[in-house]
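1. Return atomic coordinates for the entry below.
(one chain, ligands or ions: 2)
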Amino acid sequence: MSPILSFNNLEVSYGDEAVVRNVSFELNQGEILGIVGESGSGKSTLIKAAMGLLSKGGRVTSGDIIYEQNSLLTMSEKSLRRLRGKEIGMISQNASTTFCPIRTVGNQIFETLRAHGKISIKDARIKSLEIFDKLNFMNPDKVWDSYPFQLSGGMNQRVAVALAMLLEPKVILADEATSALDNISRNQVIMELVRLYDMGTSVIFVTHDIDIVDSICDKVLVLKNGEVKEYGPSKRVLSAPQSDYTKHLINCTRQLRGAGYGLIQENKV
Ligand SMILES: Nc1ncnc2c1ncn2[C@@H]1O[C@H](COP(=O)(O)OP(=O)(O)O)[C@@H](O)[C@H]1O
Ligand SMILES: [Mg+2]
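-> Ligands and ions are numbered 1, 2, ... in the order given. The predicted structure is shown next:
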């Protein structure tokens, strides 16, 4: 079976500088791929390139990104817009900044659902409350009626996951979706992403947290300064890393654990 999403020898530049070089990897149907690497290694650039949302001055200078046998790079803006959210969803680090501050959560969910298909606000609400309930939100009705600023950062992230679920995309690109969260909210969001995976959605999970890779990812891509250092099944990469850089990342996490900063090892999802 061909992969649902593949990056082929991708190079992305800002101005004259290539910040991502010769990056290739594949996401198969129903797989969670972790992308790890320190700040500035090019993780967000990869995600943005796939969504056609590179910042000003950024462009793909070589290679291709293929989604279901079609190049995302030559697709019209109109087709890309149709794809975003509905086929390929994205969850970023601070979902609250992607929500409009002066409109209720419910209103924004309704707008998003309506942009991708005919639905009444009543049905949008029923569908949303079902998902909120499934995700064990304490007060589904209250969340629907809230403004984003009335919710915690963790709750905003969870709403972003719920919204992604409502659109039933084939692929979710989660860019540090849990990095700004406390441990409890983080574990909740991770478990919710795993539910998406259980629904058959393929997930790219960008993180600097090796423990998360260990817990939930089938494969991992290790990135440093825009280049792939290692790529393969996460169990193999984490138990027998080949590159010095991967060894270094794993050692850093172990040291933190040793110092009492264990992450989710007691609460594997
Ligand atoms: N809009 C931009 N203009 C110029 N350089 C950028 C821009 N965005 C990111 N970069 C550079 O590209 C590199 C990769 O950044 P990024 O993809 O955000 O890394 P990560 O998500 O891994 O932290 C960094 O060197 C960063 O400085
Ligand atoms: Mg980033």
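2. Now for A174, how many residues are close by?
-> For A174, the count of nearby residues is 28 (other Cβ atoms under 10 Å). Using the backbone N, CA and C atoms, a C-beta is placed for each residue, glycine as well.
3. Which elements pack onto the helix or strand harbouring L129?
-> Taking DSSP states H and E as the criterion, L129 maps to helix 121-134. Applying 3 or more Cβ pairs under 8 Å, 6 or more residues apart in numbering; DSSP states H and E, one finds that helix 121-134 contacts helix 105-115, helix 140-145, helix 153-166.
4. what is the orientation angle of it with helix 105-115?
-> Angle between the axes of helix 121-134 and helix 105-115 is 110 degrees (criterion: axes from the mean of the first three to the mean of the last three Cα atoms, to 10 degrees).
5. ok so, going back, could I get the helices and strands packed on helix 121-134 as TSV with mean pLDDT and distance to S6?
-> What follows is those, written out as TSV (pLDDT from 0 to 100; distance: least, Cβ to Cβ, whole Å):
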stretch	mean pLDDT	distance to S6
helix 105-115	95	27
helix 140-145	96	37
helix 153-166	89	21
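6. and of those helices, who's closest to T61?
-> With Cβ to Cβ, the closest approach to T61 among the helices and strands packed on helix 121-134 belongs to helix 153-166: 30.0 Å.
7. Dump the helices and strands packed on helix 121-134 to TSV, plus mean neighbour count and distance to L181.
-> TSV is the format used below for the helices and strands packed on helix 121-134 (neighbours: other Cβ atoms under 10 Å; distance: least, Cβ to Cβ, whole Å):
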stretch	mean neighbour count	distance to L181
helix 105-115	18	18
helix 140-145	17	17
helix 153-166	23	5
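8. My guess is V23 contacts N225. True?
-> No. Applying Cβ atoms under 8 Å, one finds V23 not in contact with N225, separated by 11.4 Å.
9. dump the residue contacts of the residue in the chain positioned nearest to ligand 2.
-> The chain approaches ligand 2 most closely through S44 (3.2 Å), counting by Cβ to the ion. Each residue near S44 by Cβ atoms under 8 Å, 6 or more residues apart in numbering is listed here: D175, E176, V206.
10. Of all the helices and strands packed on helix 121-134, which one comes closest to L72?
-> helix 153-166 (18.3 Å).
11. other SSEs contacting the closest one?
-> Counting contacts by 3+ Cβ pairs under 8 Å, 6+ apart, helix 153-166 packs against strand 88-91, helix 95-98, helix 105-115, helix 121-134, helix 183-198.
12. Out of these, which gets the lowest mean score?
-> Sorting the helices and strands packed on helix 153-166 by mean pLDDT places helix 95-98 lowest, at a mean of 76.
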